[in-house]
Each structure stands twice: as structure tokens, then as C-alpha cells.
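Trainee: just need the structure, nothing else, for what follows:
(4 chains)
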4 protein chains.
Amino acid sequence: MLKVGIVGASGYTGGEALRILLRHPAVEVMQATSESNAGHFLHTIHPNLRKVCSLKFIRMADLAPCDVLFLCLPHGTAMRRIRELEGVAGVLIDLSADFRLRRPEDYVTWYGHAHDAPEYLDRFVYGVPELHRKEIVGARLITGAGCLATASILGLLPLVRHGLLDRPEILIEAKVGSSAAGDTPQLSTHHPERSGSVRSFQPTGHRHTAEIVQELSFGAPPTVHFSATAIEAVRGVLTTSHVFLKDGVEEKDVWKVYRAEYGTEPFIRIVKERQGIYRYPEPKILAGTNFCDIGFEKDPRGSRLVVMAALDNLVKGAAGNGVQAMNVACGLPETTGLEFPGLHPV
Amino acid sequence: MLKVGIVGASGYTGGEALRILLRHPAVEVMQATSESNAGHFLHTIHPNLRKVCSLKFIRMADLAPCDVLFLCLPHGTAMRRIRELEGVAGVLIDLSADFRLRRPEDYVTWYGHAHDAPEYLDRFVYGVPELHRKEIVGARLITGAGCLATASILGLLPLVRHGLLDRPEILIEAKVGSSAAGDTPQLSTHHPERSGSVRSFQPTGHRHTAEIVQELSFGAPPTVHFSATAIEAVRGVLTTSHVFLKDGVEEKDVWKVYRAEYGTEPFIRIVKERQGIYRYPEPKILAGTNFCDIGFEKDPRGSRLVVMAALDNLVKGAAGNGVQAMNVACGLPETTGLEFPGLHPV
Amino acid sequence: MLKVGIVGASGYTGGEALRILLRHPAVEVMQATSESNAGHFLHTIHPNLRKVCSLKFIRMADLAPCDVLFLCLPHGTAMRRIRELEGVAGVLIDLSADFRLRRPEDYVTWYGHAHDAPEYLDRFVYGVPELHRKEIVGARLITGAGCLATASILGLLPLVRHGLLDRPEILIEAKVGSSAAGDTPQLSTHHPERSGSVRSFQPTGHRHTAEIVQELSFGAPPTVHFSATAIEAVRGVLTTSHVFLKDGVEEKDVWKVYRAEYGTEPFIRIVKERQGIYRYPEPKILAGTNFCDIGFEKDPRGSRLVVMAALDNLVKGAAGNGVQAMNVACGLPETTGLEFPGLHPV
Amino acid sequence: MLKVGIVGASGYTGGEALRILLRHPAVEVMQATSESNAGHFLHTIHPNLRKVCSLKFIRMADLAPCDVLFLCLPHGTAMRRIRELEGVAGVLIDLSADFRLRRPEDYVTWYGHAHDAPEYLDRFVYGVPELHRKEIVGARLITGAGCLATASILGLLPLVRHGLLDRPEILIEAKVGSSAAGDTPQLSTHHPERSGSVRSFQPTGHRHTAEIVQELSFGAPPTVHFSATAIEAVRGVLTTSHVFLKDGVEEKDVWKVYRAEYGTEPFIRIVKERQGIYRYPEPKILAGTNFCDIGFEKDPRGSRLVVMAALDNLVKGAAGNGVQAMNVACGLPETTGLEFPGLHPV
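Mentor: Okay, here's the model as predicted:
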């Protein structure tokens, strides 16, 4: 049994890590921290854990040594605490953005501040198993990935890696639910204002662009045009990517590279049907699951390929992917604890 | 042209008053206050007013004399400012709860504090025209009514007034959207927490009970059992009331008293169809309108009558009713400025 | 391993049974029928089962003998097929309404037609383990319960059984999501018409009333006043029940009987908090779970007790409860396969 | 007073035309047809018209001569009936797709069938006043525009017309609510399936592409890459368009061309704020209004310009634009009957 702790467990990512880990058969959740909720039962914040777990939040200062520590802190916090936290556990899985980028200067460019622990950047592995499985095996420092970045990268990787694109230019339009903005109430998330909205909150300049460029750089970095729109949903991401195929590349060729890359991936499903109403990926049926569903359609009138990728931002886009990475790092079957298939209808 | 001002115009009720009054053909909106937004255009808070109005918020201290002043302040504020505000306008229409109840002790009981200006309570008229039209004509001090109270009272009044009930006992189950809780972000209104909820926020003890008892007291006060549930909606109230009819009273008798009371009311519609999907009142098609739709069904297996009443909490439940009262008070045609019929589908 | 089949597996209840049973460690799903989808993969109808199961729908005529057969047919069908279906499996679990009522005449009263197989009514056990666990052990014919009935009955049972009510009169206001109406498109479920609705679809005369009376009859049958309102949600039921306590009965006495009845129940949680935003039961956090959350509040101004009960209509209100009953009937640990704790936020 | 009739008035576009025209001060709605609802009150289908209008649906065969006839028939019907309908009214406003394209062969390409009345294509004016105001004045045959096309074209026109684009390539990602799919229930619009969906229903090949190309062809036709995604909303369109600016073109230049084109347009608002939560166009606050809100943001890291355009698909995207065109055609003030400013919050 792995002894696991969650730091910053009162947030949405922390809560989702708790939900998954509490039912993980090879894990014992021994501690969960929240400075403001210390002393209270987990279910006072995460009502789904009522009767599921009788732990109480503790303070970070009271953390005991453990095997695996999930860091679910606000962005900017883990980089300031990493030196002390490193000693607490054999494996650290950081779900914030603090160690996703390899180059310190990218933090200046995209996050607007210098990195507090740049010497760690090289030591962290970008913990998406579909991208870096071999490096994750046995890794001690693992970072999660951005939810929009994960969908974008997984959707496009086969095309880029296999050189099917005509030009190194990618346009990504991401739609995302409200939980991705975290658990802090503000006017933009106040229900009467947020409900039913289709809000262009980041037409340009979204930070996940940096991750996408980093992970899709096979040889030269691609030019990534990224836009993000908040839609009516609590959970869920759909990225719609537009790329242009080389002359002569047809859908069957595209099928081929997706099958080559993902044919044996347990959490990736190619969704592309001729009929029915779920012909392409849709995030709503992925709520609670670790799947990333991917589909594509070539424009019969040209060389454009539209790639759609869907996931649950709190699972495959955060805590679920973290558990998957933990499984890989610790030598457990990769799908352990992540078998929930999702609901329909929902 | 009536010169009108709105105090507390940055809130949802104030914004709705603005929307209606800006298109009211007999009104000139000359001022709108917001302490925290003074100096900013109205549309920075109410985006629907962009290009509709070029006024800026002012401070309350800068109010100029006017004909009608709408008070849209948080509960508890108007009673502290009433003495100064009274001098500003010929007619004051308070949309808070501060002057709805006639007896000062009811504020202690239901609002938990003594009233700051009890000498005003007798001077205000409870401004629902369907209840007190004659007293509103020429009135100088008018109070709005609670949104849930308005639906409850209008739904039940004909039955109580005409003595059709077997016992003075009324059970009301009210469902209400998120805008009724105001414009201040908090955890309970944070979109991920509030979205899709069916939340029993006040199973007992809701303050509107006091208004309902007050307005339905013909002779003895009825016993009112009231519960309130927040549902997924931004606007909208549906009250489902359960009462018991005297022996021998049938649906046709019920029809008769509703027609007698409401046959000529411009904003009350009896909705009771044998077929179709909108057989009974539904708040969603009332968004933006001043209608209160009322329907009823007698249980064929007993004497229970179920009465449903729907309205838009910000319109007939607040600002719209206030404008209707202003029309009555000032001798204008009652429906002026309130003709929006609502959308379908929506 | 129990060999299990699902008849009528293309509907929402059948799909949910599939979802749960496919992950049940003591079950092998060997067959699933759908006349109109025979030959197609399950995931063509239930997209959440993609990559989870590679079975195809078969016709009912092609059913092979098995240990347990779940019947998820439209109401009225199982009673016509029961004689042939009985032979297919050792245990039959019918999730329709066809065998829920003990008295044939109740079908005439509430369903408007005579029963086709009245001799079976006595042989079926009303399969809610919290109500009839002992009779379910070893039972061969088990019926599910109505979703609204389950919430109503579980919410009220302790009060009725322990004689805490002042009068045998119960008023239940049920709110329910759209999936309870089944998978057949019609105008009332067309998204533009159904979205955001608060629709009094059955103010009186709801069929589940019959089940509630039947199961809450300890000595004399109670008078049950039942109303049902469709709200904006896909899954979820909240019943708000209003009863009157005997003189002197206080909340602590109510706590006592709920603890006595449900203290060891794995799927019932008493939810009653002084603070936080999930103080009372809420269906949204129960989506996909087999919990029935129950809470109550006594009106400090009288003897009314408001009882709230929430569940997922497709799980504890249908397929999940069926699997729980199967576990009991077949001697498996009662919670097997039903451990999903639900999501937050959602 | 213009005597106006609506053909196909039971659909969503027809209902919206009714809502607007019934409150239009220069219009008398004298007839509304629906073959399947003939003889029934309008409000049996459009519940918002209860007490607003006491007309009944008639059959098309019973149409009387009138001044203006709105055709709100399913696509493909108007082209078969145009020869007879032309005689009924002085002005015909067709809100279907049947006369939007100028070239008959485009119907073969995009709609998959030959046109039934190709001789009419040249006689119809594409009735978006912001595009063709002069031709609409006095026109007798006017066609509406596609809702997604209207938003796309209005959003991009100033850039294309003023030659600000580096390449004739435009990528448009459109999000749209469920009412755009019409009023016929089907599985894809069944509430449990459609609710909360983010559905790529037309990644390529959407028919509105043809209109966009047609109307944005100044000199050479642009290459338009169009994708459409259905989102959780009943009403509302947001198009997010991506184009690339010529070297040296900055946001201030973009401002200039938008102001030049739209500075005096009554129904176009440029929405581009530095702060607040409605910084860019959002469809939800446009429900019921005839506005098309447009905003843009230049990527500081390159030459991409993201253009966002929002409207209500049933108003500016259909019936409202039709009424606006009627006003222009008949010499009425252009905004008559279209003054509803929209709701906030909503």
C-alpha cells in the first residue's frame, strides 16, 4: 500500500485527487492539508466524501513523511515550497503550473514573473504518460499538465510527430467549464453572471500555449494560435484544432497515425462515427473519467483537418492524470483506480 | 415626463428598474446611484444597457430632486436613510424589505432586529396593485413586495378572500433562481457549486412568510407553512401551494373566484390547459415580463387544491411591479413600459 | 461469477444497469437486448461504454439462460412477458412498475388498466433493501421501486414506523430531472422547450403515490398528497415532504429514529449541517451514486417537520437499487459494484 | 399600418416574428399560418403570446392579400411555393435559406439539390441592412440570412472590405444554441442527450459557409474554414473568427475600420473592454434583442486577430433582422419594434 498525502486538498483538483485516491486499491490516503479548513472533516468541503472518508484536513506544517505527495496548490505556491516539500515524500506530483515548463524564461514570458526554483525545472518530468511514459517510470518529481494543454497536445501529437502537416501552424479553439477557474468565488463566476455564458475569456495569450508549443516541438516549434472560451458547464474541455495536411494525405492516413500512437493507450479513445448523436468527442459523458476522447474530420473541400479532443479538466486534465502518472511511476497497473466509465445520460 | 432616479442602481433590482424605466415613454431617468461604481457608465455593470443609455452612476450624496425615486438598496439600508431620502422625491418606491411589514415587532421576529424608522411603517402602502390598487393611487410612500411573497399571495388570494378553504392552513413550496440572492459573489453562488443545484436553502423560517400572512389575513391570519428551494435558473419563481377546499367546492367554483378577482388584471394570466406542454405556469417564459401566471388543479381523490404561480423575481417580483405601482400612483396607464411579452423558446 | 442479462438495455435504466454491472467484480454481463438496436455495439447507444465493453445488443428471442435477468422494459411490457421470461433466469429483477403494487385493483386505479399477470403480484418482493432486506435474501422475483417513491418512502419511513406523526397526512413535493421521462424524444423533452423549465407536470394523480401509500402503511394507510415538478437537471430527485409531529416531539427525537433505522445502512446518509453550502441533501452530487441522502428541519414556529430526500433517479431510483437488491438476493456484500462516491463539483 | 402575415408561424422563427410584429407600432398582424395547428390559438404553440394576441392559426390556403408576408417555412419549401406566394403580398421576406445564394449551382453544392425557382435568385436581395441597405429600400423580395452567417459576416466585413488582411483565409469557429435546430424533437435534441453538450455537429461542410463566401467576396472570394459546435444554450450564437493582419496593422487601425463601417449602425455594438466580466461579446445578454455585438483582440505575439461576434439566432439571426429589413424596405424608422435591450442577469 502506498501512503499518499494531498497538499492543498480543499481545492477542486485536490478534492478530485481525494475522490480517486480514496478508492484506489493500492493506496492509503493518510493526510490531506488545507490551511483554512484544518480540523474539519473533508466532507465539509467535498460533500461527495461524506461517509466515504472520515479524515480531517491538517495543516501543511503537520505533514508526515509518506510515499507519494500530490501538490494541489495555487499556481506560484509550489515553487516557493518545493525545497521543503521534496523531503516529505519519495514521489512528488505537482498539479500546478509551477514545473510544467522546461525553460525558466518561459515563466517570465507567460506567467509574468521569474521562477523561484529554476534548478528544479530540469528535474521534473511532464507527467502525461501518453507523452513521457518511459521517463515517468521511477521518476521522483512529476508535474501535471494544463487541462487545455493536455487535450490540445494529445489531439495533435500524432499529426505532428508523423509529419502529416503542411505547415507548422496550428489553430486551437478551446471551450472549458467553470471548474477550471478554481474554487474562489468572484463576480465572473457568480452564478447569475456565469450561467449560460459563452465568454471569450482569453482570445489570445493563454498560458497553456507555452506547454503546447513545448510538447509539440519535434524539431522546430510549431506556431500555436490559441483561444479559450468559457461555456456553460462545470466540468469539461473540448479543444477544436485546425491544421492543414500535406498534399495527398487523406483521412485513412490520419487514422493510421492515430492508431499507431494510441492503439494501445488505455485512456485514449478515437471517436469518429458516421451516425448517431455522439459521433465526435463530447466532454459531458467524460465527467469523472480519465478518458481523453479524440476525433477528426477532414474538410472534403480542402486540406483542413479539424481535430476534436475532449476530457474532464479535473480528471484527465488534472488529478486523474496525476494518479495515472503515479501508477506508472510506482509500477502499478496504469488504470488502477481510474476505471470509472462515465455516465450516460448526464 | 416623470423625472425618475434609482438609488442602489448597480444591483440586480436596480438594473432591472433601469432597463424598464429607460424605455418607459413617460419617464426620464435622470440619475442612478452606486457608491462603488460612481463615475462609471451604467453598462459597465449592466452590459445590456450598452448603447441604450449613456448615463453614469453617481453617489447618493449627489442626488438631485426628482418626481419618483426607486430605492434598490440592500435590506436594512433604506430604513436608516428614509428620513433624508423622503425629501428627494415626491414619490418613493422602496424595493427592499424595509417597509413591507406593518408591525414593527414583525421585524424583530423575522429579521432579527428592531426597525429603525417604525413611524414610517403605517405610511407605506404595500405596493402590489392587484392587492392595493386604490391605496396606491396618489400614494407617496410605496413598498415593493418579496418575490416569493408576491407569487404566493397572488396565487392564493382569491381562495382566501372568497372563503373557499376548509382550514386556514396553507403549505407553500417555492422554487427560485439564483438572481434572487443578489449580486454579491459567495461560495453558495459560485457557479461550480450553484449550477444544477436543487438546494433547500430555507426549509422553514423564510422571511417572506411574514408578508404572506399579513396580506392573506382576511379576518384571522392563516397558518402558513413555507419552504424555499433554490433551483437551476437565473430568473424565475414558481410557488406550488397546497390548500384544502371546503366540501363541495369544485374546480368550476375555483375558476369563478379567480375570474372574479383577476378577470381584468392586465398582468395576471390564468394558465390551465388540458393539453400542450405549457399547461401550467412556468417561470422560464416569463423572464423579463411583468406577468404573474397562475394555475390550479384539484386532486380528484380529495379536497386538495394545488395552486401554481410563476413570475420573474426581478420584474413582477421586484422592479416591474414597482414600475406598475408607479404608473398607478402617478395616474399613468398601468401597463406603460411593461409590455414585453417574454420569449419562446428560451 | 453471476451470469447476468439485461432486457431492454437500450433505455436509460438499462444503460445504467449495464454501466454498473460491467464493473461489478462478481458479475459477468453476458447479454443485453434491444429489439431496435440488435446487432449494434452497446456504445452506439450508450457512448460511455465505448472501449469499456464490446458486447452487441441481441434480440429478446435470443436470450440464453442466466443467473440473473434485469428487466428494463417500458411499463406494461414485463407483465405481458413474465411467464416466458421467468424461465430464463434464476433471479428476475424487474425495474418497471409492473410488479410494484401488491393489489391488482391498484393497477386499475393508478395505471388505468387491469393487470395481465395478477398471480405474480404476491410473488414479487418490493426490492428496496432498506425496506425489505430479509425478504430479498434468496428471493427469485424482485421488483424495483419508483424513483420518486423511493426517495419519498425512505425519507419518511422512520417517522411513520416510530409513530412520531400527529396525523396520518403527508404532503410530498417532488422535483425531478429529465432522464426520468425516458429516452423517447417528444415535444416536452425537446431541449429548447425543456431546458430551464420548472414544470408542474403532475400536480396531482402521480402513480408513485400508490407505492408510497403501500410502503408507508403501518397499520392504517396514510393520506399522501403528492405533487411532481420537472426541473432543469438530467439526473436527480429531491423530495420535500411536509409532516406534522406529535406534541413534544423535538429534532433530537427525530434524530433518534433516523439513527435507529438507518445507522448501519450503507447507502443512506443523514445530511443536516449547521453551516456550509451542502447543509441538506442535494441530488447533483449524487449523480452516478447509489446514495439516498436524507435531511430534516423542524419549523421552530410549529410542529411541521420538513424532510428532504435526494437520489439519482437512474441509480438508487432504478438500476443501482436493483444491483443492491441482487447483491442481497445472491448473498454478495451489499455494496459491491456500487462504491462510486459521486463527483464534486459537478 | 402595414398589414402583415406570417407563413409557417408555428416554428421558432415564425414565433419570434410574431412576438416582434405584434408589438410593432406600425404593423397589424392579420394572419399567421400553420397547417398542423390551424384553428388553434397562437399561444397553444407560443405560450408567451397568451393574453398578448387572440389570433388563431390559419391554413396557407386561406391567406388573404397583405402588405408584407414573412415566410418562415422549412428550407426547401419556399422555393416550391414562391410563385403562388408572390402574389399574396407587396413585400415578401423569406427567412429560410431558399433565396440566400445568388448562384443556382451553389444550391447543388451546398444543399444537395437543384433549385426549384432559379429565376428568382437574382430578384431577391440579401436582406441584412448593414450589408445591403440601399438595395433593401423599396425591395419587394427580401431574403434573410443564416444566423451563423450573419454573425460571421458582420464580424469580418470591415477587415475584408478595407483590405486589412494579409491572406484571404478566414477560420471561423461558431457556437450555437439548440433553438437553431428548429422545433422538431429528435434524439439529438432530446433534453437528456442535448443538455450540457459541447457537440461538434459540423466540423466541416456547414451550409452557411456559402453565404459567408458570397458576402465577403470583395474582388476575389476568401477561403473560409468554418466549424460549428452546439453548446448548452437555447438561444445564442458566438462566432470566433481568426484572421491574419497585414504587417504593421495594429489594433487602432482595426478600431478605425470598425468605426467607419459601424459607427452609425443602430444594431451593432463594438464590445471591447479592458476590465469587467463582459469585456467581449456574449450571446446570453442578447436574448430577444436585435443586436449583433462585435469585439476583437490582436495577439500581441503575432499578426492574428481574433474577432468575436454574438447575436440571438432567432432575432438578429432571423426574425428581428427580417423586421429590420421590412422597416428599411417600407420606409419606417429602422429600429421600430426592435428596441428591446435584453436582460441582465439572465
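Trainee: what's near enough to touch A:Leu22?
Mentor: A:29, A:49, A:52-53, C:341 (CB atoms under 8 Å, 6 or more residues apart in numbering or on different chains). Just so you know, the C-beta spots here come from the backbone N, C-alpha and C atoms, and that holds for glycine as well.
Trainee: chain C contacts on chain A?
Mentor: Contact residues (CB under 8 Å from any CB of the partner chain) of chain A with chain C: A:12, A:15, A:19, A:22-23, A:44-52, A:179, A:183, A:234-235, A:269, A:271, A:273, A:276, A:278, A:282, A:285, A:287-289, A:291, A:339-346.
Trainee: just the buried residues of those.
Mentor: With neighbours counted by 16 or more other CB atoms under 10 Å in any protein chain shown, those contain buried members at A:12, A:15, A:19, A:22-23, A:44-52, A:179, A:183, A:234-235, A:269, A:271, A:278, A:282, A:285, A:287-289, A:291, A:340-346.
Trainee: so of those, which ones are in helices?
Mentor: A:12, A:15, A:19, A:22 (DSSP state H).
Trainee: just the closest of these to chain D, please.
Mentor: For these, the closest approach to chain D (CB to the nearest CB) belongs to A:Tyr12, at 17.8 Å.
Trainee: I'd guessed the closest one sits against A:Ser178; true?
Mentor: No: counting by CB atoms under 8 Å, A:Tyr12 does not reach A:Ser178; the two are 10.0 Å apart.
Trainee: which strands and helices sit next to the longest helix anywhere in chain A?
Mentor: Identified as the longest helix of chain A according to DSSP H is helix A:147-161. On a contact count with 3 or more CB pairs under 8 Å, 6 or more residues apart in numbering or on different chains; DSSP states H and E, helix A:147-161 meets helix A:129-136, strand A:169-176, helix A:208-215, strand A:223-230, strand A:237-244, helix A:251-262, strand A:292-298, strand A:304-311.
Trainee: mind redoing it with 7 Å?
Mentor: Counting contacts by 3 or more CB pairs under 7 Å, 6 or more residues apart in numbering or on different chains; DSSP states H and E, helix A:147-161 is packed against strand A:169-176, helix A:208-215, strand A:237-244, helix A:251-262, strand A:292-298, strand A:304-311.
Trainee: hmm, A:Leu187 is touching B:Thr184, no?
Mentor: No: between A:Leu187 and B:Thr184 there is no contact under CB atoms under 7 Å: 8.9 Å.
Trainee: with neighbour numbers in mind, choose between the two.
Mentor: Shown here are A:Leu187 and B:Thr184; by other CB atoms under 10 Å in any protein chain shown, A:Leu187 has more neighbours (14 against 11).
Trainee: now do the same contact list for A:His46.
Mentor: Shown in contact with A:His46 (CB atoms under 7 Å, 6 or more residues apart in numbering or on different chains): A:15, A:18, C:344.
Trainee: for the stretch 51-200 of chain A, what spans make up the strands?
Mentor: Counting by DSSP state E, counting those that start in this stretch, one finds strands in the stretch 51-200 of chain A at the ranges A:66-71, A:89-94, A:125-126, A:141-143, A:169-176, A:199-202.
Trainee: for D:Tyr262, which of those strands is the nearest?
Mentor: Within the strands of the stretch 51-200 of chain A, the stretch nearest D:Tyr262 is strand A:199-202; the backing value is 18.8 Å (CB to CB).
Trainee: show me which residues of the stretch 101-250 of chain A sit near chain D.
Mentor: Applying CB under 7 Å from any CB of the partner chain, we find that the stretch 101-250 of chain A lies next to chain D at A:171, A:173, A:175, A:187-188, A:192-193, A:196-200, A:203-205, A:225, A:227, A:229, A:231-233, A:236, A:238, A:240, A:242.
Trainee: which of the residues you listed are buried?
Mentor: A:171, A:173, A:175, A:188, A:192-193, A:196-200, A:203-204, A:225, A:227, A:229, A:231-233, A:236, A:238, A:240, A:242.
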